[in-house]
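Chemist: Generate a structure from the sequence data that follows.
(chains A and B)
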Amino acid sequence: MRIIAVISGKGGTGKSSISAAFATLNGEVVVADCDVDAANLYLLFNPTHEEEIVYITGHKAVINYDLCKSCGICESYCRFDAISIIDSKVFISEISCDGCFLCSHICPENAIKMVQNDKSRMYSGSFRNGKMVYGRLAPGEENSGKLVNMVREKAKQIADGNGLQTIILDGPPGIGCPVISTITGVDKVVVVTEPTISGLHDMQRTIEIVQKFNLPAFVIINKYDLNSSMSKQIEEWCKQNGIIIAGQLPFDRQITEAMVQAKSITEFNPDLDISKKIKVIWNKIVNQKR
Amino acid sequence: MIKIAIASGKGGTGKTFVATNIFHTLVKNQIDAVLVDCDAEAPNAVAFFKTKQTRVIEVTQLVPVIDISACTFCGKCHEYCNYNAIFILPPVKIINVMEDLCHGCGACSVACRYDAITEKPVSLGKVNLYSYNSNHSLIEARMNIGVMSPVPVIKAAIKQINNQAGIAILDSPPGTSCPFIQTVSASDYVVLVTEPTPFGLSDLIQSVETLKVINKQYGVIINRYGLGNLDVYNWLKVNKIPLLMEIPFDKEIARIYSEGRLLVEEKKEYRIQFTDLTEKIDQIVTKNKL
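Modeler: Purely as a prediction, here's the structure:
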């Protein structure tokens, strides 16, 4: 089995469009959308919901005012500035509460209850070229990367159960916990960047995190022709740092056209220059030995 | 002072592009403004300005240190820890702190009855302060590579906003979970930047749902119109959400941005549009505060 993660650091560089193309190039695959707070792949693949799993994102502290004596002990212990006392009434900010349980442990009146956040879900099912897993974080719920772990593990389990050899993980932007969860235990990481100052800077931070995990990184410079000299700069940096460039893709409005028609670019028109290039890139990534 | 967050569910829709151009317009119009880059995982805004660094603030978190000689391996700290950051095997007298998982809540120290736990600070990142054009300033949240959550660094950056300034522009991280919520909850108004594509719309809907939960006022900027389809316009109309501004898809604009230059500096007509935008937002916020 091979597991390939597609990440980027900077958002909007084309992770999902490229993941979608990878997922529809060859034989059946398992595709998992690990961007749980802005999941998009389901829009292209319209998967069936064969299984729905409730995901508990964490807990929030809630005060029982019948018991609370406004002693303020909880406020003095909270390290997240989540508790305030206004006119001798205790308030807990849902936004700041980290769900650590400490206030509920130390309250002498037992007036604080911890309530589960249980609105987030993980779905799995089938799409036209195999199986799909994706998570959806409920509005305002915490993305600790644990849901991403669940999505990734489910993808493996489904691949095993169905004899599928390839797993493609479409990752979230950034370099924090959900990204780390996405690349944990994968074989190869594809880093999609774009020829902008931001693209270069964020790619460098992303590659640093990939190297911390001792994983091979493959860079794709997407929309390279929007600024060829910046693309050269990215290329140079990769060369100097021994990073493989899997390929460069031109800007093409058809990518958006394909998205509007709920297709990957390679499904939309396999004869386009960009579709052919994606195919070459995919082969290069899978065939590269460690 | 008013705080305006520039946010989007989907990455790469043009948050930093909008934030830097609004900030520069305010500076040019001699309005006292500060730009706060809250995208601590991938901070890019400072690169657009010639700045002078004035201060660096280290952001740390406390993690427990266990004194094995005083520890009785009772397991109380493990029981109190809601993040599974304490690993304990009492029969063989092994206890370890997984610093990566620790949120620094202090519950373990409270739980320990044998004074075996002290705490030490570990670095999470930096808040960089810059001066620009003599009396304007920029604040940058920058998370260390390998750290799980950008939230403490974002909070620390927001704390640095000097409330004397007229307007603070907060460049938000992508997504709709905690990093986004921390940024927008500190703001008086949220500008959501989207693009007229199925991915853009889907993530916009999710951002709006989250903003409704935390009760924030918002308006939308459509970036790169001319790409994609008209669904987002219809959705805004049906849901009576104000469309604040439209920016066309234009390779020249993409090129200006890619080189770290500012559109309002290069093209005068956009200076006028961004001035109108800031006045529009100012009116909405002022009306709302009355």
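Chemist: Kindly state the domain boundaries assigned to chain A.
Modeler: Annotated domains of chain A cover A:2-56+A:119-287, A:58-117 [automatic domain parsing].
Chemist: Compute the first-to-last residue distance for the first one.
Modeler: The distance separating the two terminal residues of domain A:2-56+A:119-287, taken as CA to CA, to the nearest Å, comes to 11 Å.
Chemist: Also the last one?
Modeler: Domain A:58-117 stretches 6 Å from its first residue to its last (CA to CA).
Chemist: for stretch A:125-144, same thing?
Modeler: Stretch A:125-144 has an end-to-end distance of 24 Å (CA to CA).
Chemist: and that stretch, what's its mean pLDDT?
Modeler: Mean per-residue pLDDT for stretch A:125-144: 89.
Chemist: Throw the domains of chain A into TSV and include mean neighbour count and distance to chain B, thanks.
Modeler: C-beta coordinates here come from the backbone N, C-alpha and C atoms, glycine included. As requested, these are exported to TSV (neighbours: other CB atoms under 10 Å in any protein chain shown; distance: least, CB to the nearest CB, whole Å):
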stretch	mean neighbour count	distance to chain B
domain A:2-56+A:119-287	21	1
domain A:58-117	17	4
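Chemist: right, and the secondary structure at B:Gly12 would be what?
Modeler: Three-state call for B:Gly12 (DSSP: H, G, I helix; E, B strand; the rest coil): coil.
Chemist: can you redo the domains of chain A as CSV with distance to B:Asp100?
Modeler: Below are these laid out as CSV (distance: least, CB to CB, whole Å):
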stretch, distance to B:Asp100
domain A:2-56+A:119-287, 9
domain A:58-117, 16
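Chemist: Kindly state the pLDDT recorded for residue 230?
Modeler: Unless you meant another one, I'm taking chain A. For A:Met230, pLDDT reads 97.
Chemist: you looked at the wrong chain, it should be chain B
Modeler: Per-residue pLDDT puts B:Leu230 at 96.
Chemist: can you map out the strands along the chain?
Modeler: Just so you know, I chose chain A. A:2-7, A:29-33, A:51-55, A:58-63, A:83-86, A:89-92, A:112-117, A:120-127, A:130-136, A:166-170, A:188-193, A:217-221, A:244-248 (DSSP state E).
Chemist: Switch to chain B, please.
Modeler: With strands called from DSSP E, chain B shows them at B:2-7, B:33-37, B:52-66, B:86-89, B:94-97, B:117-132, B:136-143, B:167-171, B:189-194, B:218-225, B:243-248.
Chemist: I'd say A:Ser120 and A:Ile53 touch.
Modeler: No. In this structure, A:Ser120 is not within contact of A:Ile53 by CB atoms under 8 Å, at 9.7 Å.
Chemist: which one is B:Leu201 nearest to, not counting chain neighbours?
Modeler: B:Val232 (4.7 Å; CB to CB, 6 or more residues apart in numbering or on different chains).
Chemist: re earlier: so for chain A, which of the strands of chain B sits nearest?
Modeler: Nearest to chain A among these is strand B:136-143; the distance by CB to the nearest CB comes to 6.9 Å.
Chemist: pLDDT of the closest one, averaged?
Modeler: What strand B:136-143 shows for mean pLDDT is 96.
Chemist: for chain B, which spans come out with low pLDDT?
Modeler: Across chain B, not a single residue meets the criterion (pLDDT under 70).
Chemist: repeat for chain A
Modeler: Along chain A, the parts satisfying pLDDT under 70 run over A:143, A:290.
Chemist: ok, the residue nearest to A:Phe218 when sequence neighbours are not counted - contacts?
Modeler: Spatial nearest neighbour of A:Phe218, excluding adjacent residues (CB to CB, 6+ apart): A:Ala246 at 4.1 Å. Neighbour list for A:Ala246: A:190, A:218-220, A:281, A:284-285 [criterion: CB atoms under 8 Å, 6 or more residues apart in numbering or on different chains].
Chemist: will you turn those residues into CSV that also has distance to A:Arg128?
Modeler: Below are the contacts of A:Ala246 laid out as CSV (distance: CB to CB, whole Å):
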residue, distance to A:Arg128
A:Val190, 22
A:Phe218, 26
A:Val219, 29
A:Ile220, 24
A:Ile281, 22
A:Lys284, 25
A:Ile285, 22
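Chemist: Closest to B:Phe249 out of the residues you listed?
Modeler: When these are ranked by distance to B:Phe249 (CB to CB), A:Ile220 comes first, at 21.5 Å.
Chemist: Test my guess that A:Val36 contacts A:Leu169.
Modeler: No. Counting by CB under 8 Å, A:Val36 does not reach A:Leu169; the two are 11.8 Å apart.
Chemist: quick one, what contacts residue 21?
Modeler: All of this refers to chain A. Contact analysis of A:Ala21 by CB under 8 Å, 6+ apart lists A:264-266, A:275, A:278, A:282.
Chemist: if you could check chain B rather than the one you did, that'd help
Modeler: B:Asn21 neighbours (CB under 8 Å, 6+ apart): B:262-264, B:270, B:274.
Chemist: filter the residues you listed down to the ones close to chain A.
Modeler: Among the contacts of B:Asn21, no residue is within reach of chain A (CB under 8 Å from any CB of the partner chain).
Chemist: Which of these fall in helices?
Modeler: Of the positions in the contacts of B:Asn21, B:263-264, B:270, B:274 sit in helices, assigned by DSSP state H.
Chemist: and those residues as CSV, adding distance to B:His103?
Modeler: Converted to CSV, the ones in helices among the contacts of B:Asn21 look like this (distance: CB to CB, whole Å):
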residue, distance to B:His103
B:Leu263, 40
B:Val264, 41
B:Tyr270, 43
B:Phe274, 39
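Chemist: Quickly check those for the two that are furthest apart.
Modeler: B:Leu263 and B:Phe274, at 8.3 Å, using CB to CB across the ones in helices among the contacts of B:Asn21.
Chemist: Output the strands of chain A in CSV, with distance to B:Asn84 appended to each entry.
Modeler: Formatted as CSV, the strands of chain A follow (distance: least, CB to CB, whole Å):
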stretch, distance to B:Asn84
strand A:2-7, 24
strand A:29-33, 23
strand A:51-55, 16
strand A:58-63, 12
strand A:83-86, 24
strand A:89-92, 23
strand A:112-117, 16
strand A:120-127, 19
strand A:130-136, 20
strand A:166-170, 23
strand A:188-193, 26
strand A:217-221, 29
strand A:244-248, 36
